[in-house]
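# build me a model:
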Amino acid sequence: MRQTILLPVDMNKEELNRALVALIEKKQALQQLTYDDARYDDVEEELHDLEDDFNDEYGPFLEEALEKVHNDLNSDTDVLLPTAYLPTSTSGKPTPKEGVWVDSEKYPGKEARLTLVPNPTRIVLTVGKAVQQDLWTA
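Just a heads-up that it's a prediction; the model follows:
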């Protein structure tokens, strides 16, 4: 069930992975700060800049991959920007509550989520605590 979408000629999957890791690490750094921390606004702005750059650079490619995964799952859920699918860590194993909820005819009545994870860059389907499957790899 793993999807194959070729990388554009000018895209390097190692650079994509590095950008994804940097984005998740910045997100982690922000989550460790409290709102009253003097650094919070600066780190939040850096995160938003990284998200914008990531979506500009890799968004069209990743959105195509996400669209194919959504279609394969027979999901009517809208495809969001790739940054919406990020996990909270770079471990590569998302928890059942990470990522974007999707409805799926393949898993009726179950909470299914898609997460964009690094090392290697891939889209992981998590259904409850029982199912975790790579659906696409860069």
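
# now the most centrally placed residue in the chain, which residues is it bridged with?
Centroid-nearest residue in the chain, with CA atoms, centre = their mean: residue 116, separated by 2.5 Å. Taking DSSP bridges, one obtains residue 123 as the residues bridged to residue 116.

# return the list of helices and strands in contact with the helix or strand bottoming out on mean pLDDT in the chain.
In the chain, the helix or strand scored least confidently by mean pLDDT, DSSP states H and E is strand 131-137, which has a mean of 91. For strand 131-137, the elements it packs on are helix 40-72, strand 122-127, judged by 3 or more CB pairs under 8 Å, 6 or more residues apart in numbering; DSSP states H and E. No exception for glycine: its C-beta is placed from N, CA and C like everyone else's.

# list the residues that contact the closest residue to residue 70 other than its chain neighbours.
Ranked by CB to CB, 6 or more residues apart in numbering and with sequence neighbours excluded, the top spatial neighbour of residue 70 is residue 79, at 5.6 Å. With contacts defined as CB atoms under 8 Å, 6 or more residues apart in numbering, residue 79 is in contact with 63, 66, 67, 70.

# would you turn the residues you listed into a markdown table with distance to residue 127?
Converted to a markdown table, those look like this (distance: CB to CB, whole Å):
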| residue | distance to residue 127 |
| --- | --- |
| 63 | 22 |
| 66 | 17 |
| 67 | 20 |
| 70 | 15 |
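
# now, of these, which are buried?
Neighbour-count burial (16 or more other CB atoms under 10 Å) applied to the contacts of residue 79 gives 66, 70.

# in CSV: the contacts of residue 79, plus pLDDT.
Below are the contacts of residue 79 laid out as CSV (pLDDT from 0 to 100):
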residue, pLDDT
63, 95
66, 96
67, 95
70, 94
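
# neighbours of residue 99, how many?
Using other CB atoms under 10 Å, residue 99 has 23 other residues around it.

# again, but for residue 102
Per other CB under 10 Å, the neighbour tally for residue 102 reads 23.
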